[in-house]
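>>> no sequence on this one, just coordinates:
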Ligand code: PEP
Ligand code: MN
């Protein structure tokens, strides 16, 4: 067997589908579905987040994103609203009925985030935080596991293995670019990782073209490439006024550009005979 066991195709031939129940229709992530996750890099304040959440819902996004606990390279950068921002996420879930994904950096925040969010994101910088991964293995919520900044595919699947082996089978892999010798882009989007993961593993894989490129004008093309290469969805950063964003403005799409991209992605997904949003009843939006 491969070093990663429960994550491998040998262990499970059929693709893992992860269903997220909401007050609206359930969302499915996995092979044959195309799921769109979007929102600002960080939740900045109630007014802008709720306005954005309503816009994203109207455009047909399936899951909201928004960081409260932000892993920032510099300790002087905006590190998110932290725990007090949880009410804003709660309100967005209530108003839209959509599920929310947010990053967990520290197990001490698990109770707060478990109660109030639908998907727990393990960020790139924590992909090999093995104690965090072990805790995620004990949780009965989907875990969005981002690829480490310089992680090989095997290291990434072994990180997923920690969660699976701990008893949580709901792992969603997220390719977000890797660090290479190229300084023009924030990271190098590894499109080839998509068919490779599909070959090696039964787990769903989505792509984050925002962090993979660092440049807003590269986001839609790389998102299209990801879907064309077989990704099960995308996660994209959107901001009302990217120039004023407290984090990652350079890679954030304006609402107008995001709307255009969503149409392209949905057209491509239908071309590839994927269920958009992956609703079980065959009706997708
Ligand atoms: C994020 O998605 O908010 C994020 C910090 O991304 P990454 O962990 O991929 O850098
Ligand atoms: Mn970001």
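Right, received. Where do you want to start? Just so you know, these numbers come straight off a predicted model, no measurement behind them. Ligands and ions are numbered 1, 2, ... in the order given.
>>> what separates residue 2 from ligand 1, distance-wise?
25 Å (CB to the nearest ligand atom, to the nearest Å). Placement of C-beta: from N, CA and C, glycine included.
>>> in the sheet, who's paired with the spatially closest residue to that residue that is not a sequence neighbour?
Leaving aside its chain neighbours, residue 2 sits nearest to residue 8 (4.7 Å; criterion: CB to CB, 6 or more residues apart in numbering). Beta-bridge pairing for residue 8 (DSSP bridges): residue 201.
>>> Look up the closest residue to the residue of the stretch 1-150 of the chain found nearest ligand 2, ignoring the ones flanking it.
At 3.3 Å from ligand 2, residue 41 is the closest residue in the stretch 1-150 of the chain, using CB to the ion. Counting by CB to CB, 6+ apart, residue 41 lies nearest to residue 248, which is 3.8 Å off, once chain neighbours are set aside.
>>> ok, now residue 34?
Using CB to CB, 6+ apart and skipping the chain neighbours, the partner closest in space to residue 34 is residue 269 (3.5 Å).
>>> Get me the contact residues on the stretch 1-150 of the chain for ligand 1.
Within reach of ligand 1 by CB under 6 Å from any ligand atom, the stretch 1-150 of the chain has these residues: 41, 67, 71, 103, 123-125, 146.
>>> Select only the buried ones of the residues you listed in ChimeraX?
Of these, the buried ones can be selected in ChimeraX as follows, counting by 16 or more other CB atoms under 10 Å:
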select :41,67,103,123,124,146
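>>> Which members of the residues of the stretch 1-150 of the chain next to ligand 1 are the farthest-apart pair?
Greatest spacing in those, by CB to CB: 41 and 125 (14.4 Å).
>>> circling back to that earlier point, ok, now how distant is the residue nearest to residue 41 from ligand 2?
Per CB to the ion, to the nearest Å, residue 248 is found 4 Å from ligand 2.
>>> residues contacting that residue?
Going by CB atoms under 8 Å, 6 or more residues apart in numbering, residue 248 touches 41-42, 210-211, 237.
>>> Just to be sure, which of these are found in strands?
When the contacts of residue 248 are checked against strands (DSSP state E), the matches are residue 237.
>>> can you list the contacts of residue 248 in CSV and add distance to residue 23?
Formatted as CSV, those follow (distance: CB to CB, whole Å):
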residue, distance to residue 23
41, 26
42, 25
210, 27
211, 29
237, 25
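>>> longest helix of this structure?
When secondary structure is assigned using DSSP state H, the longest helix within the chain turns out to be helix 255-271.
>>> next helix or strand past that one?
Per DSSP states H and E, the first helix or strand lying C-terminal to helix 255-271 is strand 275-276.
>>> What's the mean pLDDT across that next one?
The pLDDT scores in strand 275-276 average 84.
>>> do you know how far the residue nearest to residue 2 is from residue 164?
Counting by CB to CB, to the nearest Å, the gap from residue 8 to residue 164 is 10 Å.
>>> got it, and residue 107?
Plainly put, residue 107 is 18 Å away from residue 164 if you go by CB to CB.
>>> One more: residue 36?
Note on residue 36: its distance to residue 164, by CB to CB, is 25 Å.
>>> which residues of the stretch 51-200 of the chain score low on pLDDT?
By pLDDT under 70, the stretch 51-200 of the chain contains no weakly predicted segment.
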